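Undergrad: Here's a sequence, model it:
(3 chains)
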Amino acid sequence: MTWLLLLVPVAIGLHFAMPGAYTLVFLVSCLAIVPLAGWLGRATEELARRTGEGVGGLLNATFGNAAELIIALAALKEGLYPVVKASLTGSIIGNVLLVFGASVLAGGIKYKTQRFNVTGARAQATLLTLAAIALVMPAGFHALAGPQGFAREDRLSFAIALVLLAAYAAHLVFSLVTHKQLFAGDEGGAGHAPEWSLRKALLVLAGSTALIAWISEILVGSVEAAAASLGMTRIFLGVVVVAIVGNAAEHSTAVIMALKNRMEISLGIAVGSSLQIALFVAPLLVLASRVIGPRPMDLVFTPAEVLAVFVAVLITGQIASDGESNWLEGAQLLAVYLILGIVFFFLPDAPELAVR
Amino acid sequence: MTWLLLLVPVAIGLHFAMPGAYTLVFLVSCLAIVPLAGWLGRATEELARRTGEGVGGLLNATFGNAAELIIALAALKEGLYPVVKASLTGSIIGNVLLVFGASVLAGGIKYKTQRFNVTGARAQATLLTLAAIALVMPAGFHALAGPQGFAREDRLSFAIALVLLAAYAAHLVFSLVTHKQLFAGDEGGAGHAPEWSLRKALLVLAGSTALIAWISEILVGSVEAAAASLGMTRIFLGVVVVAIVGNAAEHSTAVIMALKNRMEISLGIAVGSSLQIALFVAPLLVLASRVIGPRPMDLVFTPAEVLAVFVAVLITGQIASDGESNWLEGAQLLAVYLILGIVFFFLPDAPELAVR
Amino acid sequence: MTWLLLLVPVAIGLHFAMPGAYTLVFLVSCLAIVPLAGWLGRATEELARRTGEGVGGLLNATFGNAAELIIALAALKEGLYPVVKASLTGSIIGNVLLVFGASVLAGGIKYKTQRFNVTGARAQATLLTLAAIALVMPAGFHALAGPQGFAREDRLSFAIALVLLAAYAAHLVFSLVTHKQLFAGDEGGAGHAPEWSLRKALLVLAGSTALIAWISEILVGSVEAAAASLGMTRIFLGVVVVAIVGNAAEHSTAVIMALKNRMEISLGIAVGSSLQIALFVAPLLVLASRVIGPRPMDLVFTPAEVLAVFVAVLITGQIASDGESNWLEGAQLLAVYLILGIVFFFLPDAPELAVR
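TA: Numbers count the residues shown, from 1 in each chain, chains lettered A, B, ... in the order given. Sure, this is the predicted structure:
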């Protein structure tokens, strides 16, 4: 796969040399991300061998979401709040349904039943429910408060963002300090000696993350024009296409870990990534919008986004909370993703999407 | 109970001789179904002794739903889509709340705690959630997409129907091939030698199913006129009355199995029947409507139906997912069924019911 | 803490001597309730040592809700139905989120993992779901049935109230007769010999409950005027402030029990109290309104109340249903309470609140 790395400079070169060739840039960028994701996964695994699976998964989720955060900040600066929110939604449902679903399916085909720490999985599933509640409430408020309440949505979203950040901090204390053994995995990498030096692992991790962020940005810049010619709506684009591409790194690593029967790290990547988007990236963007955005961004998602997040969290909680998985559960998660994708594909761009 | 079989020809005779005596035909048909359901249950049990509980439950659910499928196809041919959808809703909630609730209550009065394979139960509960999500989405789309989206609902429903059929196929592979031991039950019928020959069991199964289908059709034909005089609405009729009658067979078998402390087969009948309606019968009808119906049928259920299915799946998932049951859980399922029945009883017939 | 008891006569005196000094009366009453709650908790614990933890928790929940019932009956007599419903909502979500959340957090800081009987916890979680379904349905009916249905809401609510009372009776039979060992706790107070006589425990229980009821009423009478000057809405007042104060007794007892690692009794108090409000107090008020109220009260809650109850039950079910707890779960429950509090704080008083 190393030769695919050649596509990285090709993608960057095409982006500057032929700025109008959107479809070509799009395809090359997609392929260029694959080997980078491979390196990122390898580096993460090396680190995981040194730190235990839970921390390794957290590291991975952090670096995997760096790309999304950079892209979102760029969109934020230009006030493209509906696009920012659509990509948040897409990342959340994409990670729990597509990434986790593909991991469970792939791992489940190889192993009849895969097990993971049930208390850790439940803690993550419950945090996911908390995140869903927090992200549903502003939209509920929007529907219930009527015109009187619109002016208060900024302050409401700001207050909820602070609660989310506090919950994320509590989650970090829990998973890294007070209950870290829950996320360490049964095998804990014992017996697998690290092959890379810590320095090399960290350098590869940082380098591949930076390149993925760059290529992702080029890719996202090209994807709208490329997809528009294919007759896709903006919301389908944001929720499905951008999110799939932006999570390619997590995707490959999570599947590889599942195939090695290390479901804790797979779950940590997929669900952990969703949690980080919902509990950390989303509220951070709300706060950042007050500094770098043209106006404060609220957390009022469209009804379709609210329904999608709720449904994704519901079925993920059901599947993750028993501490074991099989291929049918992976297929079910993918089926729900497919159904949501179908709905977003047929859904006309709501006029309110542009307004908010 | 054998003498009740005499009511079978009586019901058929009355139907032809006195086509106007709806109330009489209705009552006789109801009673005539009871012994047929008994024979069906006996035949299923004989087969279950030969094939293991899970497969036996699947067989039972298949033959039990043959009646519903035949009735639905007849209504489909005449374009009575709201009636078809109401009976689908009623079958889904009736099986998980009424049939499973009565089984759990009856079994729980006899045995303090009843256990069943938790992984199998969770797989079914998760599939039920998937089914609920799939059946909720078109109604959500209808509400969110606005007039622009109405024209796309056929295609949306068609695409979701294909996902459902794929999920059903995956479920069959899971429960019959890759993980069939989960559905076999602990006792697996060991020690209970079959008393009938395979041939006799299959003949009785087929014969009683066919007669139930016939009587059910007569019964459904008479029930609207009979109930109208009692002041019931069409939706109460479809969701509650038709569904109770159409599931009488599953009902008695599931309760008998619960009383024998074979909860896997009870669960397999009740939840399996709901799953088959949602994942197989419903999408099959969507496809069939394009061939035999006056126009394509969509999967847009009324908001009340959506709420009922969602609520039924929510509480069933909670009750089934711990692998054990007691009488209070059965009473709770019945209480939810009662509450839904009350709501449908008081709910005026929505004008949109007739339109769609 | 005993000297704080001096504030009890002070609060009562101020109430009669300075009826206009709402803010002062409010503060003194709040403080006066603290020692009373302490005595109530002590008495309950003494009784629990004699009866087993489950029955002790039930006793506690019964006496703790006597205050709410008295207050609600007074409001009912004057036809203040929106206030009654808001305080019911507030009690339900306050008990499961605030009281149980604080207990889990406090206990979880002291003990790494706390365990409780999983079957008992699941029975309570499922009953909570049943209660949420029953309380959501009339509002759903209100939204779906349209103007035609408004006249039927009284009868609908009456029928649902009867189902709820039957479910409560079933729950009592289950927890006190057929499955009482599930609620007895592992340690069951064995080794802790009672220190008070049964007579003394009962007298202190009754006395402190009566005084709490009296002070609560004074407090609630003063709280509206006191809070109005602070710019709070009526719904925030009913759902948050009245509920926090009205549940102070349960609150302190539940936290004390959690700190003693007796989570069964903590859960029994918090969730049991919510259950009693939803399955017993609410339907009782519906029936009572037909006798002492100016007109029948229905169970149609506002959409914000419905959303809050649904969300509270969802996350409580997830947290309680695995039979163990840690501090993060407590923090999550409190975070959801905080988010709901923020929503109710910003939510304008809906005009329909006054109408119904």
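
Undergrad: Chain C contacts on the stretch 51-200 of chain A?
TA: A:118-119, A:122-123, A:125-127, A:129-130, A:133-134, A:136-137, A:140-141, A:143-146, A:148-149, A:152, A:155-156, A:159-160, A:163, A:166-167, A:170-171, A:174, A:178-179 (C-beta under 8 Å from any C-beta of the partner chain). Using the backbone N, CA and C atoms, a C-beta is placed for each residue, glycine as well.

Undergrad: Make sure residue A:110 is actually in contact with residue A:256.
TA: No. Judged on C-beta atoms under 8 Å, residue A:110 makes no contact with residue A:256 at a distance of 11.7 Å.

Undergrad: Give me the more crowded residue out of the two.
TA: For residue A:110 versus residue A:256, neighbours defined as other C-beta atoms under 10 Å in any protein chain shown are more numerous around residue A:256 (22 against 12).

Undergrad: by contact count, what packs against the strand or helix carrying that one?
TA: Element membership of residue A:256 [criterion: DSSP states H and E] is helix A:248-259. Judged by 3 or more C-beta pairs under 8 Å, 6 or more residues apart in numbering or on different chains; DSSP states H and E, helix A:248-259 is in contact with helix A:22-51, helix A:53-77, helix A:100-110, helix A:198-228, helix A:263-276.

Undergrad: same thing but 7 Å
TA: Contacts defined by 3 or more C-beta pairs under 7 Å, 6 or more residues apart in numbering or on different chains; DSSP states H and E place helix A:248-259 against helix A:22-51, helix A:53-77, helix A:100-110, helix A:263-276.

Undergrad: Is residue A:34 in contact with residue A:4, as I believe?
TA: Yes. If you go by C-beta atoms under 7 Å, residue A:34 and residue A:4 touch, sitting 5.8 Å apart.

Undergrad: thinking again about what came up before, now a ChimeraX select for only the buried ones of the residues of the stretch 51-200 of chain A next to chain C.
TA: To isolate the buried members of these in ChimeraX, using 16 or more other C-beta atoms under 10 Å in any protein chain shown:
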select /A:118,119,122,123,125,126,127,129,130,133,134,136,137,140,141,144,145,149,152,156,159,160,163,166,167,170,171,174,178,179
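
Undergrad: Could you measure from the residue nearest the centre of chain A over to chain B?
TA: Central residue of chain A (C-alpha atoms, centre = their mean): residue A:91, 3.8 Å from the mean position. Distance from residue A:91 to chain B, counting by C-beta to the nearest C-beta, to the nearest Å: 20 Å.

Undergrad: In terms of helices and strands, where is that residue?
TA: Counting by DSSP H and E, residue A:91 is found in helix A:81-93.

Undergrad: need the contact list for residue A:311.
TA: With contact taken as C-beta atoms under 7 Å, 6 or more residues apart in numbering or on different chains, residue A:311 is in contact with A:336, A:340, B:133.

Undergrad: which among those residues gets closest to chain C?
TA: For the contacts of residue A:311, the minimum distance to chain C (C-beta to the nearest C-beta) is 15.5 Å, reached by residue B:133.

Undergrad: Excluding residues flanking it in the chain, which one is nearest the closest one?
TA: residue A:311 (5.1 Å; C-beta to C-beta, 6 or more residues apart in numbering or on different chains).

Undergrad: Residue A:243 too?
TA: residue A:90 (2.9 Å).

Undergrad: and the residue lying closest to residue A:28 once chain neighbours are set aside, how many residues sit next to it?
TA: Of all residues not flanking residue A:28 in the chain, residue A:11 sits nearest, at 4.6 Å (C-beta to C-beta, 6+ apart). By other C-beta under 10 Å, the residues close to residue A:11 number 25.

Undergrad: what do you get for residue A:261?
TA: For residue A:261, the count of nearby residues is 15 (other C-beta under 10 Å).

Undergrad: secondary structure class for it?
TA: In three-state terms, and counting by DSSP: H, G, I helix; E, B strand; the rest coil, residue A:261 is coil.

Undergrad: so how far is residue B:212 from it?
TA: 48 Å (C-beta to C-beta, to the nearest Å).

Undergrad: Tell me where the stretch 51-200 of chain A is predicted with low confidence.
TA: Along the stretch 51-200 of chain A, segments meeting pLDDT under 70 span A:52-64, A:66-67, A:183-192.

Undergrad: can you tell me which residues contact residue A:99?
TA: Residues near residue A:99 by C-beta under 7 Å, 6+ apart: A:247, A:250-251, A:254, A:270.

Undergrad: secondary structure element for the nearest residue in space to residue A:139 that is not next to it in sequence?
TA: Excluding the flanking residues, the one nearest residue A:139 by C-beta to C-beta, 6+ apart is residue A:306, at 4.7 Å. Element membership for residue A:306, per DSSP H and E: helix A:303-320.
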